[in-house]
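Participant: following is a predicted model, sequence given first.
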Amino acid sequence: MTTDARNDHFDSRSGFREALLDAFAQAAQQGWSEIWLCDLDFADWPLGERTVVETLTQWAYAHRRLRVLACHYDDVVRRHARWVAWRRDWAHIVECRAIEHLSPETVPRAWLAPRHRGLRVLDPVRLRGVVEKTSADLIRLHENLDEVWQRSVSAFPSTTLGL
């Protein structure tokens, strides 16, 4: 990861993973109340890794909220079994919604803790992006994700009812 005066940049799959692990750890350590996740399908995210699930468990204990946006959740189920199981246990703080109104190339790929930190993937093929820390950048990212959220629909229930 490289650093400039305002934000950090990542330029590889390992840099993206490192930035995400650091963001989850900071959220848990500092008690940030809300996290937003947004991606097409989270196929490139380390959500199913033991470290992420353990960090989310540490973060989730006190009045937290996790908002998750995706075009579809098929890859989440296939690739992130630990996260899916964690989500069932913490369904009261996790809300998953589907993005139906955007074309895949316009879906934001981001991690956000409003007022604290954001990650935006700018090049999804090479997983290059930026770790945003300035207030103006965080506000813009929050507004962008909130607009997508407002137009999304409830999806990926934590349990399925059978007949």
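Facilitator: Yep, that arrived.

Participant: isn't residue 45 right next to residue 39, touching?
Facilitator: Yes: contact criterion CB atoms under 8 Å: residue 45 and residue 39 qualify, at 6.5 Å. In this view, the C-beta of every residue, glycine as well, is placed from N, C-alpha and C.

Participant: check the spatially most central residue of the chain and give its pLDDT.
Facilitator: When CA atoms, centre = their mean is applied to the chain, the residue found nearest the centroid is residue 37 (2.2 Å). Per-residue confidence (pLDDT) for residue 37: 98.

Participant: thought residue 113 was touching it, still the case?
Facilitator: No: the criterion here is CB under 8 Å, and residue 37 misses it with residue 113 at 10.5 Å.

Participant: mind listing the strands for the chain?
Facilitator: Ranges of strands within the chain are 2-3, 8-11, 34-39, 65-70, 94-98, 110-113, 117-123, 128-132, 153-154, based on DSSP state E.

Participant: would a markdown table of these with distance to residue 27 be doable?
Facilitator: Below are the strands of the chain laid out as a markdown table (distance: least, CB to CB, whole Å):
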| stretch | distance to residue 27 |
| --- | --- |
| strand 2-3 | 20 |
| strand 8-11 | 16 |
| strand 34-39 | 6 |
| strand 65-70 | 10 |
| strand 94-98 | 14 |
| strand 110-113 | 5 |
| strand 117-123 | 8 |
| strand 128-132 | 13 |
| strand 153-154 | 24 |
